[in-house]
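**Student:** Sharing a model that was predicted from the sequence below.
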Amino acid sequence: MCAVLEIRNLHVSVEGNEILRGVDLTVKQGEIHALMGPNGSGKSTLAHALMGHPSYDITDGQIVFKGEDILDLGPDERSRMGLFLAFQYPVAIPGVTVANFLRTAINSRRKIEDSEDKGIPIPEFRKLLKEKMTSLDISHDVAGRYLNDGFSGGEKKRAEILQLATLEPAIAVLDETDSGLDIDALKVVAEGVNRLVGPKLGVLVITHYQRILNYVVPEHVHVMFEGRVVESGGADLAKKLEELGYEWIRNTYS
């Protein structure tokens with residue numbers, strides 16, 4: 001059965017300030033969606049609310065994933081169900097290698113699915129990680145480095161894509177993955193995403209700009225403004241935004 005993420009009339013406040021004012025959006029496994037909008041429109045708030053960040057207070061609406069309302073679930077439980085968030089600013093974790101981080105994440109998911117599971121055997125994990133790194137053209141040396149510690153912006157984003165490839169979620173939210181990347185790093189990251197997309201992965205790309213959508217081409221484009229999705233369409237909608245700018249949205253919906 002196809003996994004579906006449904007966002008229904010979602011209202012979210014941060015420190016008493018309402019940021020999302022009734023967001024409706026559906027992403028299915030196998031689809032690529034782009035969510036665009038000017039600064040302050042609520043895009044990153046939506047990403048964090050989807051994963052259960054405790055600082056984001058959901059005051060109304062539902063987040064339904066695989067037919068289940070997940071508002072009462074913690075971030076770890078949502079992740080184990082198959083939701084994934086690639087951060088705009090990935091955090092460094094000194095002392096924890098990329099390999100240990102990923103093996104722990106895999107074992108946590110396996111433990112929930114089978115309480116008697118003793119974890120992925122080390123030889124099996126090494127083989128899996130090498131295969132994923134090779135398929136994404138990531139140096140195998142990265143596995144022994146501390147997660148994001150001393151990484152360049154491009155290396156951090158590629159490490160996020162490696163996590164995505166290894167954990168194999170049903171729906172992935174990429175929160176401004178293109179932020180801070182030069183054109184060469186952007187192409188590398190986009191190529192990694194394109195290698196992973198398929199019938200088992202639904203993707204929501206959150207971005208300000210058209211440029212990443214030149215490489216990761218969405219089937220559905222949505223525009224957020226003042227906490228709501230105000231426009232939806234196909235890939236041509238992103239090109240229209242590139243041509244007219246967000247002033248068109250402001251003039252239409254202010």
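**Tutor:** Cool, the structure landed. Just so it is clear, the structure is predicted and the values come from calculations on it, not from any experiment. Numbers count the residues shown, from 1 in each chain.
**Student:** Secondary structure of residue 166: a helix, I assume?
**Tutor:** Yes - for residue 166, which was evaluated using DSSP: H, G, I helix; E, B strand; the rest coil, the result is membership in a helix.
**Student:** Retrieve the pLDDT associated with it.
**Tutor:** In this prediction, residue 166 carries a pLDDT score of 94.
**Student:** Might you report the residue contacts of it?
**Tutor:** Residues near residue 166 by CB atoms under 8 Å, 6 or more residues apart in numbering: 102, 105, 106, 128, 129, 132. C-betas here are computed from N, CA, C, even on glycine.
**Student:** Let's see which of the residues you listed end up in helices.
**Tutor:** Assignment to helices by DSSP state H places the following of the contacts of residue 166 there: 102, 105, 106, 128, 129, 132.
**Student:** could the contacts of residue 166 be laid out in JSON lines, adding neighbour count, distance to residue 241 and pLDDT?
**Tutor:** Output for the contacts of residue 166, formatted as JSON lines (neighbours: other CB atoms under 10 Å; distance: CB to CB, whole Å; pLDDT from 0 to 100):
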{"residue": "102", "neighbour count": "23", "distance to residue 241": "36", "pLDDT": "96"}
{"residue": "105", "neighbour count": "16", "distance to residue 241": "35", "pLDDT": "91"}
{"residue": "106", "neighbour count": "19", "distance to residue 241": "38", "pLDDT": "91"}
{"residue": "128", "neighbour count": "16", "distance to residue 241": "39", "pLDDT": "96"}
{"residue": "129", "neighbour count": "22", "distance to residue 241": "38", "pLDDT": "96"}
{"residue": "132", "neighbour count": "20", "distance to residue 241": "34", "pLDDT": "93"}
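**Student:** Please identify which of these is nearest to residue 38.
**Tutor:** Closest to residue 38 out of the contacts of residue 166 is residue 105 (33.9 Å), distances taken as CB to CB.
**Student:** burial count for the residue lying closest to the closest one once chain neighbours are set aside?
**Tutor:** Nearest residue to residue 105 in three dimensions, chain neighbours excluded: residue 167, at 6.0 Å (CB to CB, 6 or more residues apart in numbering). As a burial measure, residue 167 scores 17 neighbours (other CB atoms under 10 Å).
**Student:** Could you do residue 51 as well?
**Tutor:** With other CB under 10 Å as criterion, residue 51 counts 21.
**Student:** With residue 72 instead?
**Tutor:** Around residue 72 there are 8 residues (other CB under 10 Å).
**Student:** Residue 184 too?
**Tutor:** Other residues within reach of residue 184, judged by other CB under 10 Å, total 9.
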